[in-house]
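*Asks:* Mind looking at a prediction? Sequence and model below.
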Amino acid sequence: MNVFKMSPSIENIIVKYLTNSATANDIDKLVVWIEKPTNKKVFKEYVKTHYAIYYSMKEPNTQELLDKLFFTIRRKESFVYKLKSQSVYRYVAAVLVIGLMISAYFFRNSIHISNKNNETIIVNKSKSIKPGTDKAILTFDDGSQVALEKGTSYNAQNVNSNGEEIVYEKSKSESEEIKYNYLTVPRGGQFSIKLSDGTKVWLNSESELKYPVSFSSGKTREVELVYGEAFFDVSASTNHNGVKFIVKNKSQEVEVLGTEFNIKAYLGESNIYTTLVEGSVVVSSGNELKKLKPEQQLNLDLVNNSKIIKTVDVYNEIAWKDGVFSFENKSLKEMMIVLSRWYDVEVIFENEAIENEEFIGILRKNQEIQEILKSIENFGIIKNYKIYDKKIIIK
């Protein structure tokens, strides 16, 4: 239960700030709010309770660190971690693993190899496992391909890329035959695309989107999430003479007029999750139609053909597109599936008993996986682990 006297909007801004995902407008609001002495006290208590109490309270200069933290907000400097406000969960150690270190003051950057009996073994340590990056394969209607990646650019008629995003311009000719492109993001990658109608799509690792190079005027705008995970910020139908937008995949269709939502439909997984951030969508599967409201998620179970709608914390579902992974009530196994895609590794559990240990917290996507694994080991969640090139064996 939240005992701090702050509005949900302010708490959300604090969370975004601590994860380095706050906008300039967010920071301006936070600066104004924190000017009041009472709010300053609330902020310090919030941080102290949800972050420092588990770790940095062991340090003699905790108050000094909190003062420095407060000072940096006024300087608009950034931090690296946010730990969701959870104080009653059983697996506190697991919470610490991911979200403990909110700043350089609370984080010991060095990673040490254990010298205990159960030693961590890293084979080919010089080849550390790096986090994913912006990269994708663009496939044209004739089958030809272009590799897109951070640091490179691509330019052609009506389409260009800066290595992080690909942008399609609206065709000047409305009579052109519809041609489809594919954007495929491999394991260890991410990419975004702006479609010709202005719709923005973020693609997570191991995902593929099929879409028209240009939409036909007056006709339904359709794209297909072939597999994987994508966040859609759809250009409103009011900007396109009322024409609706549909996202298809092999098991369902999502119809929207203009909204923000996330679809998770990975190959080999038996559930498809559709999460609405704002606006309204109708999900059709078989002969059933389900309408979602903001902060609702539809879980389509492909094995049992069941459809369950529940209210969720939207942040946990879409944080991946803003540079963090948010885990709430996720098992170690589920977490490792997510990480295996981003780091392009294979994870093997030798100790199956720990697969269901639950986690709550947030992980930055730009850190090396050894940092994560070592933290888990230090808190006793796992005994040790081994890394062989692109394979991780958890003991």
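*Replies:* Yep, it's here. Numbers count the residues shown, from 1 in each chain.

*Asks:* Show me the residue at the heart of this protein, geometrically.
*Replies:* Residue closest to the average C-alpha location in the chain (C-alpha atoms, centre = their mean): Trp320, at 0.9 Å.

*Asks:* Skipping adjacent residues, who's closest to it in space?
*Replies:* Counting by C-beta to C-beta, 6 or more residues apart in numbering, Asn204 is the residue found nearest to Trp320 once chain neighbours are left out, at 5.7 Å. For glycine as for every other residue, the C-beta is placed from the backbone atoms N, C-alpha and C.

*Asks:* what's the burial count for the one you found?
*Replies:* Burial of Asn204 is recorded as 22 neighbouring residues (other C-beta atoms under 10 Å).

*Asks:* can I assume the residue nearest to the centre of the chain is in contact with Lys365?
*Replies:* Yes. Checked against C-beta atoms under 8 Å, the pair Trp320 and Lys365 is within contact range at 7.4 Å.

*Asks:* Spit out the contact partners of the residue nearest to Trp320.
*Replies:* Contacts here follow C-beta atoms under 8 Å, 6 or more residues apart in numbering; on that basis Asn204 touches 185, 190, 228-230, 320-321, 341.

*Asks:* same question, Glu346
*Replies:* 340, 390-392.

*Asks:* Counting neighbours, which of these comes out on top?
*Replies:* Top of these by neighbour number is Ile392, holding 23 neighbours under the definition other C-beta under 10 Å.

*Asks:* secondary structure class for that one?
*Replies:* When classified by DSSP: H, G, I helix; E, B strand; the rest coil, Ile392 comes out as strand.

*Asks:* Tell me how far Ser270 lies from Leu209.
*Replies:* 22 Å (C-beta to C-beta, to the nearest Å).

*Asks:* Looking at the two, which has the bigger crowd around it?
*Replies:* The neighbour comparison of Ser270 against Leu209 (other C-beta under 10 Å) goes to Leu209, with 24 against 10.

*Asks:* which stretch of helix or strand covers Ile376?
*Replies:* helix 369-378 (DSSP states H and E).

*Asks:* Point out where the chain drops to low pLDDT.
*Replies:* Applying pLDDT under 70 to the chain picks out residues 1-5, 17-24, 45-127, 172-176, 359-361, 375, 378-380.

*Asks:* Which parts of it are helices?
*Replies:* Assigned by DSSP state H, the helices in the chain fall at 8-18, 24-34, 37-50, 62-74, 92-99, 314-318, 332-343, 369-378.

*Asks:* returning to that earlier point: among the contacts of Asn204, name the ones in strands.
*Replies:* Counting by DSSP state E, the part of these found in strands is 185, 190, 228-230.

*Asks:* Closest to Thr275 out of those?
*Replies:* Glu229 (10.4 Å; C-beta to C-beta).

*Asks:* separation between the closest one and Glu334?
*Replies:* Distance, Glu229 to Glu334, using C-beta to C-beta: 14 Å.

*Asks:* before we move on, what about Phe191?
*Replies:* Distance from Phe191 to Glu334, counting by C-beta to C-beta: 24 Å.

*Asks:* Of the two, give the one with the bigger neighbour count.
*Replies:* Shown here are Phe191 and Glu334; by other C-beta under 10 Å, Phe191 has more neighbours (29 against 15).

*Asks:* Look up how far Ser9 lies from that one.
*Replies:* To Ser9, Phe191 is 31 Å away according to C-beta to C-beta.

*Asks:* cool, Ser237 as well?
*Replies:* 28 Å.

*Asks:* Between the two, which is the more surrounded one?
*Replies:* More neighbours surround Ser237 than the other of Ser237 and Ser9, with 18 against 11 (other C-beta under 10 Å).

*Asks:* surely the more buried one meets Lys244?
*Replies:* Yes. Between Ser237 and Lys244 there is a contact at 5.6 Å, judged by C-beta under 8 Å.

*Asks:* just to revisit the earlier point, neighbour-wise, give me the winner out of the contacts of Asn204.
*Replies:* Counting neighbours by other C-beta under 10 Å, Val185 leads these with 28 neighbours.

*Asks:* Thanks again, I'm all set now.
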